[in-house]
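**Student:** Predicted coordinates and the sequence they were generated for:
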Amino acid sequence: MGITESKEELIKKERQRHMVRLLLGAVLILIESAIFFIVWKEFFNPYIRRPYRFKGNYFLAGIYTVLLLIFGNIYGGMKIGYYKVFDIILSQSVSIIITNAVTYIAVIIPIATWYLSPLPLMGMTVINILIIIVWSIAANRIFVKAFPPQRLFLFYGSEEDKLAAKFISRPDRYVLCGSEKVEGKDLAKAEVTKADAAKSELADGTFENQESSVDLAESLAKKCEAYDGVIIGDISAELRNDLLKQCFVRKIRTYTLPKITDVILKSSETLHIFDSPVFLNRNHGLTAEQAFVKRGMDIVLSGIALIILSPVFLITALAIKLEDGGPVFFRQDRCTIYGRVFSILKFRSMIVGAEKAGVSVPATEKDPRITKVGAFIRATRIDELPQLINILKGDMSIVGPRPERVEHVEKYSAKIPEFSYRLMVKGGLTGYAQVYGKYNTTAYDKLKLDLMYIQNYSFLLDMELILKTIKIVLTKDSTEGFDEKASEEMGRK
């Protein structure tokens with residue numbers, strides 16, 4: 001009875017967490033909307049063609065609130081208790097900047113009788129960011145105090161340190177209370193017949209100490225009832241499935257490390273053509289309609305970006321040329337869809353001849369081969385901009401897995417055959433792994449992230465990743481693709 005009450009308390013607490021997030025988020029949204037309402041009435045409404053009186057002002061404030069909710073959701077600005085304080089501040093700041101820019105360009109300018117200065121909105125943005133900083137710190141403290149970190153137990157197979165480190169890095173949210181290696185235990189089949197059992201009988205009349213996967217999962221789940229949740233690492237599929245069932249029955253929260261097959265299955269289409277549900281995976285990449293829409297978006301966006309960024313191209317090219325007189329662009333063979341090889345373009349950020357005989361030598365922090373101009377354009381991601389030309393030509397897409405060097409593809413594919421799954425779509429300037437991965441994310445985990453994108457592709461997902469890339473370029477945790485160190489850690493799962 002005590003266990004049941006405990007689980008009911010956990011469910012109740014989870015609902016409370018959700019409500020507190022909503023309330024804290026609503027407070028910030030209301031403050032931001034109220035500030036906009038005041039700025040709009042004082043600095044913009046009197047100067048439009050037909051000034052609004054009552055309903056029009058509230059309607060416009062409503063539109064602004066909706067934009068706040070949309071961009072706040074895209075950038076995860078309301079993920080209190082999930083993201084660190086700095087990430088919340090960054091997410092909310094990017095969200096408010098974009099919201100104010102869209103409001104000025106798409107709402108205020110079209111209804112104004114003459115040019116209205118954006119300075120009031122810019123001042124409002126500064127005030128918003130200051131409020132966001134205070135709100136983020138206060139909201140995080142309230143949340144942590146109301147809901148202490150979750151006490152978790154880890155079951156792992158071979159990668160305890162890496163998986164445990166991820167959760168230990170968030171002491172504000174998780175406390176790892178213990179761990180146990182369960183891979184490699186002597187498991188018998190879940191159903192053992194009497195005849196099979198008789199064969200294992202020893203001379204003294206006892207039986208070999210073999211434990212079924214179901215029995216082991218049940219004992220492991222019972223052990224976890226004393227904790228708030230369980231982390232299920234890289235254990236065997238049979239044991240993991242049984243453990244998930246046991247945790248489901250006992251209402252135990254689970255954090256599961258997915259396998260490649262899980263990523264594929266998660267994107268399945270559910271069919272109800274029989275009296276039993278069937279999962280359908282077509283496994284052929286993008287449909288003809290999706291490929292057509294994606295190519296159209298690539299042409300339009302890359303063309304517009306090249307026109308707008310042409311001054312940046314010119315200034316960067318001159319700076320590179322003036323520094324050492326070498327070539328402006330750096331070319332390198334990369335693999336894209338179906339393994340097709342193309343020459344990727346970048347602004348040269350290293351000295352001429354940095355890669356002798358075409359041998360790849362990954363750049364390190366404070367690498368002496370990086371030029372002064374190169375250090376700046378690498379830090380600001382300007383060195384990647386020439387790839388817009390590759391996109392316009394059709395070699396790449398704006399969103400997709402990062403295209404890899406030919407020799408790296410061969411090396412990775414030898415270590416992990418599933419690597420070829422990434423080549424079902426064109427390589428991209430940005431992508432799922434670039435948005436959700438970090439500099440130290442293993443190559444295998446990045447492969448799973450790329451596969452999640454391929455299997456769940458949609459136009460809206462592309463737009464979401466493009467918008468989220470704006471936030472990523474402001475952080476240091478993102479990375480271009482795989483590197484030599486990551487490739488060494490690659491292993492088949």
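**Tutor:** Here it is on my side, so go on. Numbering: from 1, shown residues only.
**Student:** quick one: the helices in the stretch 201-350 of the chain?
**Tutor:** Counting by DSSP state H, counting those that start in this stretch, residue ranges of the helices within the stretch 201-350 of the chain are 213-224, 237-249, 260-266, 288-308, 310-324.
**Student:** Residue 170 versus residue 62, what's the distance?
**Tutor:** 36 Å (Cβ to Cβ, to the nearest Å). In this view, the C-beta of every residue, glycine as well, is placed from N, C-alpha and C.
**Student:** which of these two has more neighbours?
**Tutor:** It is residue 170, of residue 62 and residue 170, that has more neighbours when counted by other Cβ atoms under 10 Å, with 14 against 11.
**Student:** which ones are touching that one?
**Tutor:** residue 84 (Cβ atoms under 8 Å, 6 or more residues apart in numbering).
**Student:** Just confirm it is within a strand.
**Tutor:** No: the assignment for residue 170, made by DSSP: H, G, I helix; E, B strand; the rest coil, is coil rather than a strand.
**Student:** and it, backbone torsions?
**Tutor:** Backbone torsions of residue 170, given as degrees, to the nearest 10, read phi -120, psi 70.
**Student:** Same list, the helices of the stretch 201-350 of the chain, but as TSV with mean pLDDT and mean neighbour count please.
**Tutor:** What follows is the helices of the stretch 201-350 of the chain, written out as TSV (pLDDT from 0 to 100; neighbours: other Cβ atoms under 10 Å):
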stretch	mean pLDDT	mean neighbour count
helix 213-224	88	18
helix 237-249	91	18
helix 260-266	88	15
helix 288-308	95	14
helix 310-324	95	14
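**Student:** what's stretch 33-50 in contact with?
**Tutor:** Where contact means Cβ under 8 Å, 6+ apart, the residues beyond stretch 33-50 that reach it are 51-52, 57, 60-61, 64-65, 68, 103, 108, 111-114, 116, 120-121, 124, 127-128, 131.
**Student:** Which residue lies nearest the spatial centre of this structure?
**Tutor:** With distances taken as Cα atoms, centre = their mean, the chain has residue 436 as the residue nearest its mean C-alpha position (2.2 Å).
**Student:** possible to save the helices of the stretch 201-350 of the chain as CSV with distance to residue 382?
**Tutor:** Below are those laid out as CSV (distance: least, Cβ to Cβ, whole Å):
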stretch, distance to residue 382
helix 213-224, 49
helix 237-249, 45
helix 260-266, 33
helix 288-308, 13
helix 310-324, 6
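**Student:** Indicate which one of the ones you listed is closest to residue 418.
**Tutor:** Each of these was scored for nearness to residue 418 using Cβ to Cβ, and the closest is helix 260-266 (5.2 Å).
**Student:** So which elements touch that closest one?
**Tutor:** helix 443-455 (3 or more Cβ pairs under 8 Å, 6 or more residues apart in numbering; DSSP states H and E).
**Student:** Count residues in the vicinity of residue 49, would you?
**Tutor:** Under the neighbour criterion other Cβ under 10 Å, residue 49 is assigned a count of 9.
**Student:** List buried residues within the contacts of stretch 33-50.
**Tutor:** Listed as buried from those are 52, 60-61, 64-65, 68, 103, 108, 111, 116, 120-121, 124, 128, 131; burial here means 16 or more other Cβ atoms under 10 Å.
**Student:** Out of those residues, flag the one nearest to residue 418.
**Tutor:** The closest of the buried ones among the contacts of stretch 33-50 to residue 418 turns out to be residue 68 (Cβ to Cβ; 40.4 Å).
**Student:** for residue 9, what are its contacts?
**Tutor:** With contacts defined as Cβ under 8 Å, 6+ apart, residue 9 is in contact with no residue.
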